[in-house]
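Asker: sequence and predicted structure are below.
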Amino acid sequence: MSNKKKILSFEEFLKKNKETSSKDNTKGVDWDARRTKWIKSVNDLYNLVDTLIVKSLEDTGYDVHNEKKGFSLTEDYLGTYNIDRYYIKAENIEIAFNPIGSIILGAYGRVDMVISLSTYKLVMPEWGKWKIQIRKGSSSELVDFDKNNISKIFQENL
């Protein structure tokens, strides 16, 4: 008896792969609930932004204008849904928060924070726990989305 594995033709392999991958790999996932939880997490992030950034700007005398604008986002499994971008303008400071999606590798979602032409990735490795991805050479690290790290970002960019 031979222990050699039969080599399939390319077409046979593709057909077998399609059959295997077309089985419901998402069985047991409630995608509507996941989408709802993601949108709520983004809104919670914006509430945290109001507490950490907007309030600090107002408390130090800046004239702050902030606005949320809805847009349509389409993702695999979640479909097309509406979610808000968040814009903050305080005199010479402009910040934008742009949701990228919930179906990303290694986290439950990502929102990009743009300040002075620099983009910072905010990721949620655990539901409700936002982190800032900081690039360090060819690697990166996750730091808490808190007042101390936001202060560092402002000082580096303004």
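Answerer: Nice, thanks for sending it over.
Asker: quick one: buried residues of stretch 122-130?
Answerer: Neighbour-count burial for stretch 122-130, with 16 or more other Cβ atoms under 10 Å as criterion, is recorded at Leu122, Val123, Met124, Trp130. Quick note: C-beta positions are derived from backbone N, CA and C, even for glycine.
Asker: do the same with stretch 33-43
Answerer: Under 16+ other Cβ under 10 Å, the buried positions of stretch 33-43 are Arg34, Arg35, Lys37, Trp38, Ile39, Ser41, Val42.
Asker: now those in CSV, with pLDDT, secondary structure and distance to Lys55?
Answerer: CSV is the format used below for those (pLDDT from 0 to 100; DSSP: H, G, I helix; E, B strand; the rest coil; distance: Cβ to Cβ, whole Å):
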residue, pLDDT, secondary structure, distance to Lys55
Arg34, 95, helix, 31
Arg35, 96, helix, 29
Lys37, 97, helix, 26
Trp38, 97, helix, 25
Ile39, 98, helix, 23
Ser41, 98, helix, 20
Val42, 98, helix, 19
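Asker: thinking again about what came up before, for Ile104, state which of the buried residues of stretch 122-130 is nearest.
Answerer: Val123 (7.4 Å; Cβ to Cβ).
Asker: would that closest one count as being in a helix?
Answerer: No: secondary structure assignment (DSSP: H, G, I helix; E, B strand; the rest coil) places Val123 in strand, not in a helix.
Asker: quick revisit: CSV for the buried residues of stretch 122-130, including pLDDT?
Answerer: Formatted as CSV, those follow (pLDDT from 0 to 100):
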residue, pLDDT
Leu122, 98
Val123, 98
Met124, 97
Trp130, 98
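Asker: how about Ile7, secondary structure?
Answerer: coil.
Asker: and it, how many neighbours?
Answerer: By other Cβ atoms under 10 Å, the residues close to Ile7 number 7.
Asker: just give me the residue right at the centre of the protein.
Answerer: Arg110 (0.7 Å; Cα atoms, centre = their mean).
Asker: how close does the nearest residue to that one once chain neighbours are set aside sit to Gly109?
Answerer: Using Cβ to Cβ, 6 or more residues apart in numbering and skipping residues adjacent in sequence, the residue nearest Arg110 is Ile100, 4.3 Å away. Applying Cβ to Cβ, to the nearest Å, the value for Ile100 to Gly109 is 8 Å.
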